[in-house]
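Visitor: pasting a predicted model and its sequence here:
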Amino acid sequence: MASDDPADWPLGRLLSAAARRVEREWNGHLGAWDLNHASFPVLIMLLGGPHTQAELATACEVTEQTMSRILSRLERTGHVRRSQHRLDRRKHQVEITDAGRQAALTAADQQAADRIAARGLTPEQVDTLRALLAAVAHPAD
């Protein structure tokens with residue numbers, strides 16, 4: 001029988017549960033600007049200038065279909081606009097609106113993100129967690 005104590009869980013399950021908790025709370029933070037964990041990185045990328053849907057999908061490591069849904073939502077909320085690409089009429093370019101720029105810059109509060117991720121941890125534990133997660137994210141070969 002599986003234990004209800006997270007300390008007994010397999011590491012993968014524990015990482016997944018932690019990621020889901022942080023994602024839920026981060027989505028709560030971003031919801032104030034009609035954003036979520038999927039749409040926020042798109043706005044951050046668009047702060048640097050217009051991109052095609054394919055470029056955004058590649059950078060966010062999602063399919064073009066998924067990016068299309070993300071962009072449709074961002075367009076409905078007034079954060080982005082799509083227009084015909086100036087060099088290739090078969091493509092559309094996506095650019096951030098003034099409302100999207102304001103939302104991205106306001107929501108991009110590193111302290112809020114760190115508070116959400118590190119809730120309940122001491123500063124020393126946060127430092128250790130950061131080092132461990134960096135090692136998990138980019139393991140040495």
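Guide: Received it, and whenever you're ready, just let me know what you need.
Visitor: what's the neighbour count on Asn36?
Guide: Residue neighbour count, defined by other Cβ atoms under 10 Å, stands at 16 for Asn36. The C-beta positions use only the backbone N, C-alpha and C, and glycine is treated the same way.
Visitor: mind checking how far the closest residue to it other than its chain neighbours is from His85?
Guide: Leaving aside its chain neighbours, Asn36 sits nearest to Asn27 (4.9 Å; criterion: Cβ to Cβ, 6 or more residues apart in numbering). Relative to His85, Asn27 is positioned 31 Å away (Cβ to Cβ, to the nearest Å).
Visitor: likewise Ala54?
Guide: Distance from Ala54 to His85, counting by Cβ to Cβ: 11 Å.
Visitor: which residues do these two both contact?
Guide: Lys91 (Cβ atoms under 8 Å, 6 or more residues apart in numbering).
Visitor: Three-state assignment for Arg119, please.
Guide: Reduced to three states with DSSP: H, G, I helix; E, B strand; the rest coil, the structure at Arg119 is coil.
Visitor: ok, it - contacts?
Guide: Arg119 neighbours (Cβ under 8 Å, 6+ apart): Glu25.
Visitor: tell me the pLDDT of it.
Guide: The model reports Arg119 with a pLDDT of 92.
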